[in-house]
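[1] Sequence first, predicted coordinates after that:
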Protein chains: 2
Amino acid sequence: MEVTRKNYKDCLNTVYSAIEEADFLAIDGEFSGISDGPNVSALTNGLDTPEERYTKLKKVSNELKLFLLPISLLCRYITKPFNFYIFPKPFNRTSPDIKFICQSSSIDFLASQGFDFNKVFCHGIPYLNQEEEAQLREQTEERRNQHANGVGTPSFISPSSSKGSSHVPEEHKDFINKVVEKVEALMVNSEKTLDLEPCTGECCLKPCLCSDGLAWFPKGLHVETVETEKKERYIQISKVDEEERKRREQQKLEKEQELNDAVGFSRVIHAISKSGKLVVGHNMLLDVMHTIHQFYCPLPEVYFKEVTMCVFPRLLDTKLMASTQPFKELITNTSLAELEKQLKESPFKSPQVETAEGFPSYDTAQEQLHEAGYDAYITGLCFIAMANYLGSFLTPPKAYISARSKLIEPFFNKLFLMRIIDIPYLNITGPDLQPKRDHVLYVTFPKEWKTSDLYQLFSAFGNIQVSWIDDTSAFVSLSQTDQVQIAMNTSRYAESYKIQTYAEYIQGKQQEKEKQTTKTWGEDSWVKPHYTCSTTSAFGYSRYSCNECFTLKRSISPMQGEQGADDAQITDGWSHYSYPDTTGTKKMKTDGV
Amino acid sequence: MEVTRKNYKDCLNTVYSAIEEADFLAIDGEFSGISDGPNVSALTNGLDTPEERYTKLKKVSNELKLFLLPISLLCRYITKPFNFYIFPKPFNRTSPDIKFICQSSSIDFLASQGFDFNKVFCHGIPYLNQEEEAQLREQTEERRNQHANGVGTPSFISPSSSKGSSHVPEEHKDFINKVVEKVEALMVNSEKTLDLEPCTGECCLKPCLCSDGLAWFPKGLHVETVETEKKERYIQISKVDEEERKRREQQKLEKEQELNDAVGFSRVIHAISKSGKLVVGHNMLLDVMHTIHQFYCPLPEVYFKEVTMCVFPRLLDTKLMASTQPFKELITNTSLAELEKQLKESPFKSPQVETAEGFPSYDTAQEQLHEAGYDAYITGLCFIAMANYLGSFLTPPKAYISARSKLIEPFFNKLFLMRIIDIPYLNITGPDLQPKRDHVLYVTFPKEWKTSDLYQLFSAFGNIQVSWIDDTSAFVSLSQTDQVQIAMNTSRYAESYKIQTYAEYIQGKQQEKEKQTTKTWGEDSWVKPHYTCSTTSAFGYSRYSCNECFTLKRSISPMQGEQGADDAQITDGWSHYSYPDTTGTKKMKTDGV
């Protein structure tokens, strides 16, 4: 179902109830640009740490925009696919004029897939993140307080009272007290308005009158600045009759509705977040990052993992799942199109998913790949096929495995990392893997050097792998760790280049960071200290305070999982790696996934 | 006529002949964002110098893109309107992935006018600027030289010759000479191919063989690197038969055609430039800047005026014309919509312009304002109406004044400057106006200060005008120049703020600039020294070398103007101002246009 500004208010209830019913949701965003386009090297390095990769992606993705968010909601074998077209239409003249980057390659790709740009730019659903929403509510509130006194709830007290007097400058107290007398007279006499003496300067008393001094005004008074013909400004206080009062109440309701409309698509994301339902995506790190920064808050420097868990308590990346045991051995190519094809073949079974009535249906035989919404839909199919495959290991085998089964928990909250040699995923609910990199050297050299120069330099040490960092530095992985010391010794007196071990490099970086800031990004601050790392502990906390953006409210009841009694425990798929857990007994093995 | 990638090749000849016939062209671009949106203050200051304003606009407009360039070509009272939809579609995988900024307010404005974004993004005509075109040609040439030797013209000579030997490293000469012998044998024997010995390392001899040593190859040989099963690489030289040779020639022609297609819309702009025809726009500085940076070269630090004159030798800004005498007294509002209305009333006469056959026509009665192309069209009408009004002053009066009449020369090459208090235009063909600013003070203060603080500070000096520069500085214009010294004296011992005269401020800025760079941007370098300032001298020079971007080729024959014998000289409209000419006798008067 296509959802644009034209029909989204009518669709909201359909969307809400679809979220309520769903087992899980599959998403796949279309963006105005991609973070890692042709110039891969600038953004990705095969030996990035997850933290470094996040920082690089954050920088780029803050500037891009999500144009379309297809969401397939799946409940058993029935799907409800929605295509949400999204555009940051300015709410009013004072709302921020959002600038975003379009990349010609991405636009051209979308165009070649028949993407309808008019649906985005002309009819896209607006949205606000939580900060913008709060600001707008504050502005509206302020304006109401300034322009129409008397209809709100008085929040300050009279200047004649001892409590409130601190708000009123000493030199204005006499003036204010006189005004109070006059206003009290106005309330009982037959006059309709009261004109105060013309103001000097910038009519400086008005804010004082409105937001402090006279906020005790009885209902039915309105304060306004009026200008005389001589350009003198004075304050006019007028009685507001019942009809006027009702008109103002109505206006207030309308403003409230306008505000809700401006929050727009963010309400859908809030509902998904609140539901705590599993959100599935294929190579979904960027989708998650974009969703957070457009609909919640700017991407944080640190605490990205915490914020993610607040917004999406359960995530599953099908690319990561497919490249993990037991799927890793069976699936040769994890690109979405290939994955979908391979999951149609034995030992997998393609699920027979039907589209709910009233929704347009997709035909996997016709390969509408990259057609808006189709990718999200087949991502959902891939997840079901892989989950059901896990069910075949149970005794007795189970044909359908739900999104709440314990069997799939090992795949939760691990987001695939593109092109990192030895760290396959970003672990949202715990510390990241720390593979041994003692065969890696950090080399700095003149900017004229090319890959061939590095090959030549290390020609005595067997096969090497070069991961460029920038013009003048690269990681060089040796095939044998015992060659590291020899290479280091050889380079001791070199002048044009410099070699450090990976450990030395990391140490140097850490020291530099500590110099620059008190906030460190080590294992301890990338995951906040009190944040425990087991998967289930990520749920159920409430009002988690994220000091980098603002308070995210969350109150999810603990997962009502299926009784896992008949679910045999299977290998979690990462047995090659040990989690950097507290026991510290397991050794890391880096075989390059 | 709408022109997109689909039909532009078929339209090119129509466009070229329309340019040939035209008296003048009217343009009005639609952009992905505007340089001076709601946040005017950040970009414009009422006391900017033209140079400062250009620098500010340049920074912003480099990031934006022209989506649509409507061009109305007018010949007497017949118009041919074209709407060119433009998009930087990547030419191939290696071509630069262009990033540009979209501004939500601009997109929303275009959407509200019924703009068709799909026409831009899906079917926009591609383009290259001259640098990109040159690079692409070079790349193609290089690839051809590397892959297919023997079909091109040999440009280097044999290594056995003494002349060419300098290109071949000494240690390879023996190898090369042996190859030459073998190749000479190949030419006469019955073998089809010659395999050289496997290369070591990076097959380092190949470039040497191809681009230098063996470029004397007789026609009919092809050089290629081949890999053995053992991953050893060697060079294979093969005879190419006549059929193969033809196939390669054909390929070359196709590549050439592809290249021309990639240059795309730039060819239209080149044709306009070459024609030397008058280009008319309304408030056209940004249109000019965008046209230059998208289709010619990045906007230069200095020499913008020179580059502009190379690209568009004759420009006329209708907003500037309308705010100049004799129009200034008659036209109260120079916005395009209002101008068009006022020019329908006496003493002006609305020209009866017909649309050429086969072109869609506009109806000014229906006010299709901002509809793509309509603005360009009425800009053309406004120009004709104003030009014809000038004709009414002749004896005998002339009803039609052509774009080549001397009467309109005073309005040439002066581009309207938005919101500058005392400098109405950027003078492309000479130094800019330098109004006296001795009533202006430069004030720096703590960032907490607001306009009201400045009003209070200067309350003793009569009316003031505040032009914000940034958070901590502003220009304050006093109404009476004789108050300047008093204000300066008063501030002598102030600690929280600081006051300088405008002259001191300019001097300080100049000194700072001189410290930073050897290139100065004073009156002398903003216009290159040898560049003379009279209007007509801007035409007719050839191969003007612009050292900031690249050599712009121009060879326009001197303007074939109408004989101006019966054209009475009229006031140029800027009599309030004196040009800062060499005589230096006239005094500036700043009455704030």
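    All right, it came through fine. Numbering: from 1, shown residues only, chains lettered A, B, ... in the order given.
[2] quick one: A:Phe265 and chain B, what's the gap?
    As judged by Cβ to the nearest Cβ, to the nearest Å, A:Phe265 and chain B stand 14 Å apart. Glycine gets a C-beta too; all of them are placed from N, C-alpha and C.
[3] And for A:Leu12?
    Applying Cβ to the nearest Cβ, the value for A:Leu12 to chain B is 22 Å.
[4] In what element of secondary structure is that residue found?
    Using DSSP states H and E, the element containing A:Leu12 is helix A:8-21.
[5] Show me which positions of that helix end up buried.
    A:Tyr8, A:Cys11, A:Val15, A:Tyr16, A:Ala18, A:Ile19 (16 or more other Cβ atoms under 10 Å in any protein chain shown).
[6] hmm, who's touching it?
    If you take Cβ atoms under 8 Å, 6 or more residues apart in numbering or on different chains as the criterion, helix A:8-21 is touched by A:1, A:3, A:25, A:73, A:75, A:80, A:82, A:84, A:125, A:261, A:264-265, A:267-268, A:271-272, A:275, A:277.
[7] The strand ranked longest in chain A - which strands sit beside it in the sheet, and in what orientation?
    Ranked by number of residues, the top strand in chain A under DSSP state E is strand A:66-75. Sheet pairing of strand A:66-75 (DSSP bridges) gives strand A:24-27 (antiparallel), strand A:30-31 (antiparallel), strand A:78-85 (antiparallel).
[8] Show me what from the stretch 1-150 of chain A comes close to chain B.
    Residues of the stretch 1-150 of chain A that fall close to chain B, judged by Cβ under 8 Å from any Cβ of the partner chain: A:32-33, A:37-39, A:87-90, A:93-94, A:97-105, A:107-108, A:110-111, A:115-118, A:120-122.
[9] Show me which of these are buried.
    Neighbour counting with 16+ other Cβ under 10 Å marks A:32-33, A:37, A:87-90, A:97-105, A:107-108, A:110-111, A:115-118, A:120-122 as buried within the residues of the stretch 1-150 of chain A next to chain B.
[10] ok, A:Leu110 to A:Leu136 distance?
    Distance of A:Leu110 to A:Leu136, computed by Cβ to Cβ, to the nearest Å: 30 Å.
[11] try A:Phe327
    Distance from A:Phe327 to A:Leu136, by Cβ to Cβ: 46 Å.
[12] of these two, who's got more company?
    Just comparing A:Phe327 and A:Leu136: by other Cβ atoms under 10 Å in any protein chain shown the higher neighbour count belongs to A:Phe327, 23 against 19.
[13] Look up the pLDDT of that one for me, please.
    pLDDT for A:Phe327: 96.
[14] which helix in chain A runs the most residues?
    Ranked by residue count, the top helix of chain A under DSSP state H comes out as helix A:242-263.
[15] Show me what that one is packed against.
    Contact here means 3 or more Cβ pairs under 8 Å, 6 or more residues apart in numbering or on different chains; DSSP states H and E; on that basis helix A:242-263 packs against helix A:130-147.
[16] try 10 Å
    helix A:8-21, helix A:130-147, strand A:221-227, helix A:266-275 (3 or more Cβ pairs under 10 Å, 6 or more residues apart in numbering or on different chains; DSSP states H and E).
[17] helices and strands around the second one, which ones?
    If I follow you right, that is helix A:130-147. Short answer (3+ Cβ pairs under 10 Å, 6+ apart): helix A:130-147 packs on helix A:205-207, strand A:221-227, helix A:242-263, helix A:266-275.
[18] Of the ones you listed, flag the one that's most buried.
    helix A:266-275 (a mean of 20; mean count of other Cβ atoms under 10 Å in any protein chain shown).
[19] quick one, that one and helix A:242-263 angle?
    Helix A:266-275 runs at 70 degrees relative to helix A:242-263, counting by axes from the mean of the first three to the mean of the last three Cα atoms, to 10 degrees.
[20] Phi first, then psi, for whichever residue of the stretch 351-500 of chain A sits closest to chain B.
    Residue nearest to chain B within the stretch 351-500 of chain A (Cβ to the nearest Cβ): A:Ser452, separated by 5.0 Å. Here the main-chain torsion angles of A:Ser452 (degrees, to the nearest 10) amount to phi -60, psi -30.
[21] pLDDT weak spots in the stretch 151-300 of chain A?
    Low-confidence segments of the stretch 151-300 of chain A (pLDDT under 70): A:151-172, A:199-220, A:224-225, A:227, A:229-232.
[22] Chain neighbours aside, what residue packs nearest to A:Ala403?
    A:Phe24 (3.8 Å; Cβ to Cβ, 6 or more residues apart in numbering or on different chains).
[23] Beta-bridge partners for that neighbour, please?
    A:Phe24 forms beta bridges with A:Leu74, A:Leu278, as assigned by DSSP bridges.
[24] go on, A:Leu68?
    A:Glu30, A:Tyr85.
[25] In space, what's closest to the most centrally placed residue in chain A - neighbours in sequence excluded?
    Chain A has A:Ile292 as the residue nearest its centroid, 1.2 Å off, counting by Cα atoms, centre = their mean. Leaving aside its sequence neighbours, A:Ile292 sits nearest to A:Val311 (Cβ to Cβ, 6+ apart; 5.6 Å).
[26] doesn't A:Pro300 make contact with that neighbour?
    No: counting by Cβ atoms under 10 Å, A:Val311 does not reach A:Pro300; the two are 11.6 Å apart.
[27] list residues touching both of those two?
    A:Ile292 (Cβ atoms under 10 Å, 6 or more residues apart in numbering or on different chains).
[28] List the contacts of A:Phe84.
    Counting by Cβ under 10 Å, 6+ apart, A:Phe84 has contacts A:1-4, A:8, A:11, A:15, A:27, A:29, A:66-71, A:124-125, A:127, A:264-265, A:268-269, A:372-373.
[29] try it again with 7 Å
    A:Val3, A:Leu68, A:Leu69, A:Ile71, A:Ile125, A:Phe265, A:Val268 (Cβ atoms under 7 Å, 6 or more residues apart in numbering or on different chains).
[30] what's the closest of the residues you listed to A:Lys59?
    A:Leu69 (22.0 Å; Cβ to Cβ).
[31] For that closest one, give me its contacts.
    Residues near A:Leu69 by Cβ under 7 Å, 6+ apart: A:Ile27, A:Gly29, A:Phe84, A:Ile86.
[32] Can you add distance to A:Glu340 and pLDDT and give those residues back as TSV?
    Converted to TSV, the contacts of A:Leu69 look like this (distance: Cβ to Cβ, whole Å; pLDDT from 0 to 100):
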residue	distance to A:Glu340	pLDDT
A:Ile27	16	96
A:Gly29	18	92
A:Phe84	23	96
A:Ile86	26	95
